[in-house]
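Asks: Next input, structure requested:
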Amino acid sequence: METAKIWQNEYFSGVELLSASYNKFKFAKHWHDELAIGLIEDGAEGLFYRGQNIVVPKNHIIAINPSEIHTGYASCDEGWRYRMFYFDLATIYQKFDKSGLPVDPVLDASVIHDFELLTELKQLHLALENTSFDLTKDSLFAVVLEKLFTRYGSIKSNYNSGKTDDRSAWITREYLLDNWHLNVSLEQLEGETGQSKFKLIRAFKQAYGITPHQFLLLVKTHKAKQLLARGNSCVETSLACGFYDQSHFNRNFKRAFGITPKNYIFR
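Replies: Prediction:
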């Protein structure tokens, strides 16, 4: 069965997203004005790109630079299932604007085998498809863009060498602990620390082993567990911890503890 869904997330107006599964469909020759980044979830996609036929198998990333003519077709009997990002160039420039890093939104590699990056791209795609916190979307966006362009693009891979700012990591941690019940944004953390989003995420991960958005989710779910243990209902707990809705709460609580909030109450 062939399916396709395309949409724009309101939070990032400069990003178009596609989730699709094709068996027999073939794209005619075309191009995108945006930087197109895809992740193959199953099967394999074939493309005619830069004068040659290439195959992108499962768990690989495809990178198609702006204005590059290409096609797309099934490269195996079962077709391919994939997720695509179409990053508007102005959005990319804007994200790097405060970093002081000159970025050219062109990638050197067409097919990328990088499971860490693929996992984070999928997390971002799902965060822009489902309900998620602003800090989750902002942090994942910054992380994937930085890795794309430092590993496979125009930013030198050693630009982030040297000691990170431990104080900005501590300030970020304290701010999140004080404001755990809120929907904190990465822009707020930039204001608190005086650091660019790229530097503060890197410093926080180096200091604590996780990103700020992962830390915030852990704090929220641990607070939720405490409230449930005191007899609060799932709805009361979800609202108190700042989750958008019950499904958002259930998804993150189960990811942390392996059971739903309802099952925890009646354990």
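
Asks: The stretch 51-200 of the chain: strands as residue ranges?
Replies: Along the stretch 51-200 of the chain, the stretches classed as strands by DSSP state E, counting those that start in this stretch are 52-57, 61-64, 70-74, 80-87, 111-112.

Asks: How about residues contacting the second one?
Replies: This means strand 61-64. 32, 35-40, 45, 47, 49, 56, 70, 82, 107, 109-114, 117-118, 121, 148, 152 (C-beta atoms under 8 Å, 6 or more residues apart in numbering). (Glycine included, C-beta is placed from N, CA and C.)

Asks: mean confidence score for it?
Replies: Mean pLDDT, computed over strand 61-64, is 97.

Asks: distance between it and the chain's centre?
Replies: Taking the mean of its C-alpha atoms, strand 61-64 sits 16 Å from the chain's own mean (C-alpha atoms, centre = their mean, to the nearest Å).

Asks: swap in the longest one?
Replies: Here strand 80-87 shows a centroid-to-chain-centroid distance of 13 Å under the convention C-alpha atoms, centre = their mean.

Asks: And for stretch 195-205?
Replies: That offset, for stretch 195-205, works out to 16 Å (C-alpha atoms, centre = their mean).

Asks: residues touching Y82, list them.
Replies: Going by C-beta under 8 Å, 6+ apart, Y82 touches S19, A20, S21, G38, L39, I40, E41, E45, I62.

Asks: so which of those would you say is closest to R230?
Replies: Each of the contacts of Y82 was checked against R230 using C-beta to C-beta; the closest is S19, at 39.8 Å.

Asks: just the CA coordinates of the helix or strand harbouring that closest one, formatted as CSV?
Replies: For S19, the element it lies in under DSSP states H and E is strand 15-22. Taking C-alpha atoms only, strand 15-22 is exported to CSV below (Å, rounded to 0.1, in the frame of the first residue of the first chain):
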residue,chain,number,x,y,z
VAL,A,15,10.5,23.3,7.2
GLU,A,16,8.3,21.1,5.1
LEU,A,17,8.0,17.4,6.1
LEU,A,18,7.0,14.2,4.3
SER,A,19,6.3,10.8,5.5
ALA,A,20,5.7,8.2,2.8
SER,A,21,5.8,4.7,1.6
TYR,A,22,6.0,3.8,-2.1
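
Asks: before we move on, the earlier item: name only those of the contacts of Y82 that count as buried.
Replies: Among the contacts of Y82, the ones that count as buried by 16 or more other C-beta atoms under 10 Å are S19, A20, S21, G38, L39, I40, E41, E45, I62.

Asks: what's the nearest residue to the third one if we skip its chain neighbours?
Replies: Looking back up the chat, that one is S21. Leaving out its chain neighbours, the residue that sits closest to S21 by C-beta to C-beta, 6 or more residues apart in numbering is R81, at 4.2 Å.

Asks: ok, that neighbour touching D42?
Replies: Yes. In this structure R81 lies within contact range of D42 using C-beta atoms under 8 Å: 4.2 Å.

Asks: and which of the contacts of Y82 is nearest L218?
Replies: For the contacts of Y82, the minimum distance to L218 (C-beta to C-beta) is 25.8 Å, reached by L39.

Asks: how close does the closest one sit to L118?
Replies: Distance of L39 to L118, computed by C-beta to C-beta, to the nearest Å: 5 Å.

Asks: Overlap of the contact sets of these two?
Replies: Common neighbours of L39 and L118 (criterion: C-beta under 8 Å, 6+ apart): H60, I61.

Asks: Burial check on G209, number of neighbours?
Replies: Under the neighbour criterion other C-beta atoms under 10 Å, G209 is assigned a count of 9.

Asks: Got phi/psi on it?
Replies: Note on G209: its backbone torsions stand at phi 80, psi 0 [degrees, to the nearest 10].

Asks: what's the domain layout of this protein?
Replies: With domains defined by automatic domain parsing, the chain comprises 3-152, 166-209, 215-265.
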